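In: fold the stuff below for me.
(2 chains)
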Amino acid sequence: NAGVTQTPKFQVLKTGQSMTLQCAQDMNHNSMYWYRQDPGMGLRLIYYSASEGTTDKGEVPNGYNVSRLNKREFSLRLESAAPSQTSVYFCASSEYYGRTEEETQYFGPGTRLLVL
Amino acid sequence: SQQGEEDPQALSIQEGENATMNCSYKTSINNLQWYRQNSGRGLVHLILIRSNEREKHSGRLRVTLDTSKKSSSLLITASRAADTASYFCATAALSNFGNEKLTFGTGTRLTIIP
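Out: Numbers count the residues shown, from 1 in each chain, chains lettered A, B, ... in the order given. As a prediction, the model looks like this:
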């Protein structure tokens, strides 16, 4: 199993450009997440998808959109990139246990984004 | 704002010594988890402690949880160079959809000196 994969690994954008970060998992997990990691800020949740067909905002959703394409794939789109979106982006997934929810998240290797 | 705040922000110890990191949080939780992040990599889950547990062990890891003080500690015994990484606590609370949503702290950067 590849686990959680992300593409691209690194990207440089100019202010105003758009791009989509791709994420896929092969663990048959129901829930998927997008985080950004900035120095001194830890990980902050951008959006998540509890199950296929649902998405919800996290802590810092402004400037981003997401699509849960199917159970495996969850993409993050920057419509008009800004320098403040320079960060490392991580995708994660977890299994949905229902009411007993005790689950861990599995992370991808990250995408390093630089917006000039 | 961050739910979990780790202390210290950075820690350097000699190989073989024990390393202790602390995490404080603000609201009620279902469980608390610790993750490790090696430089340039994604996070890897280490251990989970439930809100009704006080202590848990996994190999060289020992985690304690004090819900009255809203704090947790991670102890790594007999440290090794390979333990050099950043360590994050994450608190789990129910989301609107019924699964758990994790909120991560800012991390402790641990350096093991050979």
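In: for B:Glu17, see how far away the nearest residue to B:Glu55 once chain neighbours are set aside is.
Out: Once flanking residues are discounted, B:Glu55 sits nearest to B:Thr64: 5.0 Å by C-beta to C-beta, 6 or more residues apart in numbering or on different chains. In this view, the C-beta of every residue, glycine as well, is placed from N, C-alpha and C. Here the criterion is C-beta to C-beta, to the nearest Å. By it, B:Thr64 lies 19 Å from B:Glu17.
In: which one of those two has more residues nearby?
Out: The residue with more neighbours, out of B:Thr64 and B:Glu17, is B:Thr64; 16 against 12, by other C-beta atoms under 10 Å in any protein chain shown.
In: which helix or strand lies directly C-terminal to the strand or helix carrying that one?
Out: Per DSSP states H and E, B:Thr64 falls inside strand B:61-66. Using DSSP H and E, the helix or strand that follows strand B:61-66 towards the C-terminus is strand B:71-76.
In: neighbouring strands - and their directions - for that next one?
Out: Taking DSSP bridges as the criterion, strand B:71-76 forms sheet pairs with strand B:19-24 (antiparallel), strand B:61-66 (antiparallel).
In: chain center to that strand, what's the gap?
Out: Its chain's C-alpha centre and that of strand B:71-76 lie 6 Å apart, by C-alpha atoms, centre = their mean, to the nearest Å.
In: what bridges to the nearest residue to B:Asn38 once chain neighbours are set aside?
Out: Counting by C-beta to C-beta, 6+ apart, B:Ala85 is the residue found nearest to B:Asn38 once chain neighbours are left out, at 4.9 Å. B:Ala85 forms beta bridges with B:Leu110, as assigned by DSSP bridges.
In: residue contacts, B:Ala85?
Out: Counting by C-beta atoms under 8 Å, 6 or more residues apart in numbering or on different chains, B:Ala85 touches B:Arg36, B:Gln37, B:Asn38, B:Ser39, B:Leu110.
In: so where is chain A shaky, pLDDT-wise?
Out: Judged by pLDDT under 70, chain A has its weakly predicted residues at A:96-102.
In: and the residue positioned nearest the centre of it, bridged to which residues?
Out: Among the residues of chain A, the one closest to the centroid is A:Trp34, at 2.3 Å (C-alpha atoms, centre = their mean). Listed by DSSP bridges, the beta-bridge partners for A:Trp34 are A:Tyr47, A:Cys91.
In: can you give me the strands for chain A?
Out: Ranges of strands in chain A, per DSSP state E, are A:4-7, A:10-13, A:19-25, A:31-38, A:42-49, A:56-57, A:64-68, A:74-78, A:87-94, A:106-107, A:111-115.
In: strands along chain B, start to end?
Out: Using DSSP E, strands in chain B cover B:5-7, B:10-14, B:19-24, B:31-37, B:43-50, B:55-58, B:61-66, B:71-76, B:85-94, B:100-104, B:108-113.
In: what would the ones you listed look like in CSV with mean pLDDT and distance to A:Ser75?
Out: Shown next, in CSV, are the strands of chain B (pLDDT from 0 to 100; distance: least, C-beta to C-beta, whole Å):
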stretch, mean pLDDT, distance to A:Ser75
strand B:5-7, 82, 31
strand B:10-14, 95, 35
strand B:19-24, 96, 32
strand B:31-37, 93, 23
strand B:43-50, 92, 20
strand B:55-58, 96, 34
strand B:61-66, 98, 35
strand B:71-76, 97, 34
strand B:85-94, 89, 24
strand B:100-104, 79, 20
strand B:108-113, 95, 31
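In: the ones you listed: which one's closest to A:Cys91?
Out: Nearest to A:Cys91 among those is strand B:43-50 (11.2 Å), distances taken as C-beta to C-beta.
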